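> here are the coordinates; sequence isn't available:
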């Protein structure tokens, strides 16, 4: 039986190799120097799990890795972070995913990925009910990353989680098969909190205005909508209304890799503290701001005190 935990995260756990900075000229030369090339953990669920662990939360990770050197690195990383990894499945003949992350001078990134590795290997059957035992929050780290999990199976997973009395959350990435809000609606109505960046939300709704997007998402039955807007902060919406939360000022963007995952981790941690909806969003913005000022998806946030200082510096006069 699983021990108690704060957050159960389901999603990808891979290796990232960020290269900073890179531009088109890299393809015109045989060798190009970069300021930094590092090896670190990555993947939506892994990023959120690492950050939540550093914020003092007990985390259980559901993911697939290969039985290889990269997988062993991730297992060690999880162990050092104190995670519960009994549902971190080691699969024979599966390559642990390795992403090369090419980061431009503006901090934006492009990925080289292996679609046949563990990045997209999670299956609905991996998310068993007992993995949610004694948990407070279940978060599916990214809708659309996993082609083997259909919208119908997402609905079943979220319904199962709700039936076990936990808060149910999900983030998303870009749809891979032109899925729309109509396809997702049955799954979304099971959610307490739904995260999406503005571009992703536009893709599933066909709308461009973030306020209109939020209203369409609320109409599916999701209880709280959070639209991440990068340098513009975020928009939050529920049945009581909509609010725009500004980003932390004076953020020096180096690498945006994992910014959304850091945001989600910060939001979930604040939620566990019983903060208001708007204050959870401010705390999430603080995590994301710290994240983009470091190379690598989980290199920025070190502990809760660091995030609290950033939060207070950004919002103490407006809270």
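That came in fine, so what should we check first? Being a predicted model, the structure only gives us computed values, none of them experimental.
> got any ranges where this structure has weak pLDDT?
1-2, 317-319 (pLDDT under 70).
> residue boundaries of the strands in it?
5-10, 14-20, 36-37, 40-42, 59-66, 88-91, 98-103, 109-112, 135-143, 167-172, 193-197, 224-228, 234-238, 241-245 (DSSP state E).
> can I get these in CSV including distance to residue 273?
In short, each C-beta sits where N, CA and C put it, glycine included. Formatted as CSV, the strands of the chain follow (distance: least, C-beta to C-beta, whole Å):
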stretch, distance to residue 273
strand 5-10, 11
strand 14-20, 29
strand 36-37, 34
strand 40-42, 25
strand 59-66, 16
strand 88-91, 27
strand 98-103, 31
strand 109-112, 31
strand 135-143, 11
strand 167-172, 13
strand 193-197, 15
strand 224-228, 16
strand 234-238, 17
strand 241-245, 17
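> can you list the ones you listed in JSON lines and add mean neighbour count?
Formatted as JSON lines, these follow (neighbours: other C-beta atoms under 10 Å):
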{"stretch": "strand 5-10", "mean neighbour count": "26"}
{"stretch": "strand 14-20", "mean neighbour count": "23"}
{"stretch": "strand 36-37", "mean neighbour count": "14"}
{"stretch": "strand 40-42", "mean neighbour count": "24"}
{"stretch": "strand 59-66", "mean neighbour count": "27"}
{"stretch": "strand 88-91", "mean neighbour count": "18"}
{"stretch": "strand 98-103", "mean neighbour count": "21"}
{"stretch": "strand 109-112", "mean neighbour count": "14"}
{"stretch": "strand 135-143", "mean neighbour count": "26"}
{"stretch": "strand 167-172", "mean neighbour count": "25"}
{"stretch": "strand 193-197", "mean neighbour count": "24"}
{"stretch": "strand 224-228", "mean neighbour count": "25"}
{"stretch": "strand 234-238", "mean neighbour count": "22"}
{"stretch": "strand 241-245", "mean neighbour count": "14"}
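> closest one to residue 300 among the ones you listed?
With C-beta to C-beta as the measure, strand 40-42 is the member of the strands of the chain nearest residue 300 (11.3 Å).
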